[in-house]
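Q: coordinates only, sequence not included:
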Ligand code: ADP
Ligand code: MG
């Protein structure tokens, strides 16, 4: 049997823009299926570059680097949302690129992202765009207390300020360099959740189960997934909203949609990431198709089959702080003790230097029941903590 139209079969080379941990796990998934890989990243020690057959050491806007990537690859994806959309557009002239530059450009800009959510009819936090002094002066006092967020380049809670009064808002906008921002009303959160969807070139959408997330200091700390981790109505609503957002972008690839669940049970879309996401890492060990395999399948035009959760799971993020528990020099955490616990799957990203706040890896915990998984995760956290 020959391959269907536009299908890129194993044996071909798949490319990724960005060499971080998400690129590394994409490379692992592609290689496991028999593809070769090419990574574009200027860092000689990038986690993905270290494990890929090809590593093009060039910046995202380097014409020679992009030409080399296009020459080597049958299709290209990205692991990093701040890759210039122009680079994706250049590559798209000669090979399939997913997601497309236009979708990535929207995910890069909170103002454009919010406008897209409104267009799709999904609920968003009350907000205002502040890009000029006139817009600052016109802000509705009903948006305070609120959070001022830079429209571009914010992540892990960076580029944000909590503001209570018009004076604090003006000072915060000054501190952020008067760059375009979005002011969001501070909402009473009960918890946060996210959904990973994968959408094919034919518009077919599959999804991972809804993930319940806990952040610490603006960084994802824990993701918990099991049947019934959210009320069924909420989970259905989150899945439908995620699908609308992906359909509205005519998206191809893996997309993460993050939500706030408010204390009254209402669901609000927060932001999107045009790539696999930290909150989807549990799928490597708890689902029959991981988010990285979905990324490979979507970009290669392979069938997208609905993933199945085969185990309750908890993912613990492993930050560089774990290497500095004794106060003095960095020391490797006692992984052997953690791995003595049943259902613990260690994923480390091959980063040479541990730094506080740096994502070094994650631990996926699986088990027979949500209670058993929670007990194991608590034991692992106690060993590491
Ligand atoms: P980032 O791009 O850094 O992830 P987010 O917009 O997701 O930025 O904000 C980081 C965290 O701050 C969220 O996960 C949430 O805990 C909190 N937060 C953000 N916006 C609001 C809001 N409008 N109301 C209450 N909490 C918020
Ligand atoms: Mg976020």
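A: Arrived safely. All values reported here derive from a predicted model rather than from experimental measurement. Numbers count the residues shown, from 1 in each chain. Ligands and ions are numbered 1, 2, ... in the order given.
Q: Okay, now the unreliable bits of the protein?
A: 1-4 (pLDDT under 70).
Q: For residue 330, list the residues it contacts.
A: Residues in contact with residue 330 (Cβ atoms under 8 Å, 6 or more residues apart in numbering) are 323, 324, 353, 354. C-betas here are computed from N, CA, C, even on glycine.
Q: 7 Å instead, please
A: 323, 324, 354 (Cβ atoms under 7 Å, 6 or more residues apart in numbering).
Q: Backbone torsions only: list them for the second one.
A: Per-residue torsions, residue 324: phi -120, psi 30 (degrees, to the nearest 10).
Q: From ligand 1, how far off is it?
A: 23 Å (Cβ to the nearest ligand atom, to the nearest Å).
Q: okay but that residue is in contact with residue 356, surely?
A: Yes - contact between residue 324 and residue 356 holds when scored by Cβ atoms under 7 Å: they sit 6.5 Å apart.
Q: returning to that earlier point: could you tell me which of the contacts of residue 330 count as buried?
A: Neighbour-count burial (16 or more other Cβ atoms under 10 Å) applied to the contacts of residue 330 gives 323, 354.
Q: Look up how far residue 374 lies from the residue of the stretch 201-350 of the chain found nearest ligand 1.
A: Closest residue of the stretch 201-350 of the chain to ligand 1, Cβ to the nearest ligand atom: residue 215 (4.7 Å). Distance, residue 215 to residue 374, using Cβ to Cβ, to the nearest Å: 18 Å.
Q: Now do the helices in the stretch 251-385 of the chain.
A: 283-286, 291-300, 335-339, 370-384 (DSSP state H, counting those that start in this stretch).
Q: so how far is the last one from its chain's centroid?
A: On the basis of Cα atoms, centre = their mean, to the nearest Å, helix 370-384 is displaced by 24 Å from the centre of the chain it belongs to.
Q: List the buried residues of it.
A: 370, 373, 374, 376, 377, 379, 380, 381, 383, 384.
Q: thinking again about what came up before, is it true that the residue of the stretch 201-350 of the chain closest to ligand 1 touches residue 194?
A: No - with contact defined as Cβ under 7 Å, residue 215 does not reach residue 194; the gap is 11.0 Å.
Q: Compare those two and say which is more crowded by neighbours.
A: The residue with more neighbours, out of residue 215 and residue 194, is residue 194; 25 against 15, by other Cβ atoms under 10 Å.
Q: if you skip the residues just before and after it, what's nearest to residue 150?
A: Leaving aside its chain neighbours, residue 150 sits nearest to residue 159 (3.8 Å; criterion: Cβ to Cβ, 6 or more residues apart in numbering).
Q: for residue 46, that is, sorry about that
A: In space, residue 46 is closest to residue 19, 2.8 Å off (Cβ to Cβ, 6+ apart).
Q: Distance check, the one you found against residue 362.
A: 18 Å.
Q: So between these two, which is more surrounded?
A: For residue 19 versus residue 362, neighbours defined as other Cβ under 10 Å are more numerous around residue 19 (28 against 23).
Q: Hmm, residue 50 and the more buried one touching each other?
A: No - if you go by Cβ under 7 Å, residue 19 and residue 50 don't touch, sitting 8.2 Å apart.
Q: Could you tell me which residues of the chain lie near ligand 1?
A: On the criterion Cβ under 6 Å from any ligand atom, ligand 1 has as its neighbours in the chain the residues 125, 147, 149, 154-157, 184, 186-187, 189, 192, 215, 218, 270-271.
Q: Let me know the closest of those residues to residue 107.
A: Closest approach to residue 107 among those (Cβ to Cβ): residue 271, at 7.9 Å.
Q: residues contacting the closest residue to that closest one other than its chain neighbours?
A: Excluding the flanking residues, the one nearest residue 271 by Cβ to Cβ, 6+ apart is residue 258, at 5.2 Å. Contacts of residue 258 were listed using Cβ under 7 Å, 6+ apart, and they are 192, 194, 270, 271.
Q: Farthest pair within those residues?
A: Longest span within these, Cβ to Cβ: 192 and 271, 10.9 Å.
Q: how much space is there between residue 142 and residue 128?
A: 10 Å.
Q: whoops, residue 309 was the one
A: Distance of residue 309 to residue 128, given as Cβ to Cβ: 39 Å.
Q: These two: which has the busier surroundings?
A: Under the criterion of other Cβ under 10 Å, the comparison of residue 309 against residue 128 puts residue 128 first, with 20 against 16.
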